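> need a 3D model of the following:
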Amino acid sequence: MKVGVVGGGQLGRMLGLAGLPLGFQFRFLEPSNDAPSAHLGEIIRAAYDDSDGLERFARDLSCATYEFENIPAATAQWLDERLTLAPTARALAIAQDRVVEKATFRELGIPVQATASIASELDIPLALERVALPAVLKTRRLGYDGKGQRTLLADSGDSIACVRNAWNELGRVPCLLESFVTFSAEVSQIAVRGRTRSHSRAIAFYPLTQNEHRGGILWKSQTPAPCDPTGELAQSAQEYVTRLMESIDYIGVIAVEFFVTPSGLVANELAPRVHNSGHWTIDGAVTSQFENHLRAVAGLPLGSTDPRGASVMINLVGRVPIAARVFDVAHTHLHLYGKGSRAGRKLGHVTLTAPTALDLAEPVAAVEQLAAWQT
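Numbering: from 1, shown residues only. Got it, this is the predicted structure:
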């Protein structure tokens, strides 16, 4: 079976690494010359909206998927009309537009904070009638790892001027103003919905994962989530994600990020793909998110999402520690992406897996020192 992946970055690389042992072949559509996935399959080096490149990419594929959501909507629609694309162009469209994303959550009864859209300077006063400061202003499209957003502190006088200045800094593009959420933790629910040959649907959930960000970039993920000792948050998250997946007939792995608040979960955003906070599943689950995504896209039965114990994933951002020092720490698994060093760039990750979270306390502290966050 030949699988096409739009994007050849580290997520595409990990999809390839998961699929090759299963007999899958891969073709990647990737414009750059130094794609981390280059040695795992055929590379079509072309822009994501290049018609000739798309024709060469789609030729003789069994199915296709994508490793990130910032691809042209027209490209996804073109593929969706010609072959089996999962997740579909509809799922991608929801994730690409923060206004549509929040509206979808709201329509499905998934809790979200107050929001207001801003398309021009004239919209700012009305937006502030619905969303008071403190708030977060985000570009309606694009933006990831903390990019494309500004946090606006409590009103110290002229709130209209405050929002206007932030909007100018973001390029005067359509934006979404969101009420600032006071939260005690951030969690993500990763799930996979399959499509078997009998056309039945099956949903499987990975354990709720608690995440820590630095500078808008994911730094650490751990499971079981310390903030959810009773499992009540996981139950709510699974109910919300099931509602979302079934409403749009979603196929593949999805990640939905939530804030933990005194009144329960508040949805932040969704990612219609394999997700950084699920990297721990490579070493810490019976079936990784990458293998399960491929199984779902290809119409194969899903694998078990059961954890092998407690896991912690630490991103390597900006620099890579000496491998021997990482291996000297108990319970570690090192994953490098083959990317050149640059401040703020994800270069790899370390996963630690052991029977219990207590077993990981000292090793995690040691890896955090080795990782030495570089923004």
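> could you report the pLDDT at the residue most central in space within the chain?
What sits nearest the mean C-alpha location of the chain, by C-alpha atoms, centre = their mean, is His275, with 3.7 Å. pLDDT for His275: 97.
> residues near the nearest residue to it once chain neighbours are set aside, how many?
In space, and not counting its chain neighbours, His275 is closest to Ala255: 3.5 Å by C-beta to C-beta, 6 or more residues apart in numbering. Where C-beta positions appear, they are placed from N, C-alpha and C, glycine not excepted. Neighbours of Ala255 under the rule other C-beta atoms under 10 Å: 22.
> pull the contacting residues for the nearest residue in space to Ala357 that is not next to it in sequence.
The shortest distance from Ala357 to any non-neighbouring residue, by C-beta to C-beta, 6+ apart, is to Ala310 (4.2 Å). Residues in contact with Ala310 (C-beta atoms under 8 Å, 6 or more residues apart in numbering) are Gln222, Thr223, Pro224, Gly284, Thr353, Ala354, Pro355, Thr356, Ala357, Asp359, Leu360.
> most neighbours out of those, which is it?
Highest neighbour count within those: Thr223, with 30 neighbours (other C-beta under 10 Å).
> dump the contacts of Ala310 to CSV, plus distance to Val326.
Formatted as CSV, the contacts of Ala310 follow (distance: C-beta to C-beta, whole Å):
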residue, distance to Val326
Gln222, 18
Thr223, 20
Pro224, 24
Gly284, 16
Thr353, 14
Ala354, 15
Pro355, 21
Thr356, 21
Ala357, 20
Asp359, 17
Leu360, 14
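> which of the residues you listed sits closest to Asp34?
Asp34 has its nearest neighbour among these in Gly284, at 29.3 Å by C-beta to C-beta.
> wasn't the residue nearest to His275 part of a strand?
Yes. Counting by DSSP: H, G, I helix; E, B strand; the rest coil, Ala255 is found in a strand.
> so it touches His279, yeah?
No. Using C-beta atoms under 8 Å, Ala255 makes no contact with His279, being 11.1 Å away.
> what distance separates stretch 164-182 from the centre of its chain?
Mean-position distance between stretch 164-182 and its chain equals 22 Å (C-alpha atoms, centre = their mean, to the nearest Å).
> separation between Phe290 and Ser311?
Distance, Phe290 to Ser311, using C-beta to C-beta, to the nearest Å: 15 Å.
> those two: which is more packed in?
Set side by side, Phe290 and Ser311 show more neighbours around Ser311, with 27 against 23, by other C-beta under 10 Å.
> any idea what that one is bridged to?
Thr223, Thr353 (DSSP bridges).
> list the contacts of it.
Gln222, Thr223, Trp280, Thr281, Asp283, Gly284, Ala285, Thr351, Leu352, Thr353, Leu360.
> save those residues as CSV, and put in distance to Arg164 too.
Output for those, formatted as CSV (distance: C-beta to C-beta, whole Å):
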residue, distance to Arg164
Gln222, 40
Thr223, 42
Trp280, 42
Thr281, 43
Asp283, 48
Gly284, 46
Ala285, 47
Thr351, 44
Leu352, 46
Thr353, 49
Leu360, 47
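> which one among those residues gets closest to Val5?
Closest to Val5, out of all of the contacts of Ser311 and judged by C-beta to C-beta, is Thr281, at 18.3 Å.
> phi first, then psi, for that closest one.
phi -70, psi -20 (degrees, to the nearest 10).
> quick check, pLDDT for it.
So Thr281 comes in at 98 (pLDDT).
> same check, this time on the one 5 residues further on
In the predicted model, Val286 carries a pLDDT score of 98.
> cool, and Pro226?
97.
> which strands or helices does the host helix or strand of Pro125 pack on?
Here Pro125 sits within helix 124-130, counting by DSSP states H and E. Using 3 or more C-beta pairs under 8 Å, 6 or more residues apart in numbering; DSSP states H and E as the contact test, the elements touching helix 124-130 are strand 115-118, helix 159-169.
> ok, Ser277 - contacts?
Contacts of Ser277 by C-beta under 8 Å, 6+ apart are Ser188, Ile190, Thr209, Asn211, Leu218, Ser221, Ala255, Glu257, Met313.
> among those, which ones are in strands?
Cross-referencing the contacts of Ser277 against strands under DSSP state E gives Ser188, Ile190, Thr209, Asn211, Leu218, Ser221, Ala255, Glu257, Met313.
> among those residues, which two are most distant?
Glu257 and Met313 (15.0 Å).
> who has more neighbours out of the two?
Met313 (30 against 22).
> so who does the more buried one touch?
Lys220, Ser221, Gln222, Ser277, His279, Trp280, His349, Val350, Thr351, Leu352.
> which one of these is nearest to Gln96?
Ser277 (19.7 Å).
> can you check the pLDDT for the closest residue to Ile322 other than its chain neighbours?
Nearest non-adjacent residue to Ile322, counting by C-beta to C-beta, 6+ apart: Leu370, 8.0 Å away. At Leu370, the model reports a pLDDT of 95.
> cool, Thr375 as well?
pLDDT, Thr375: 50.
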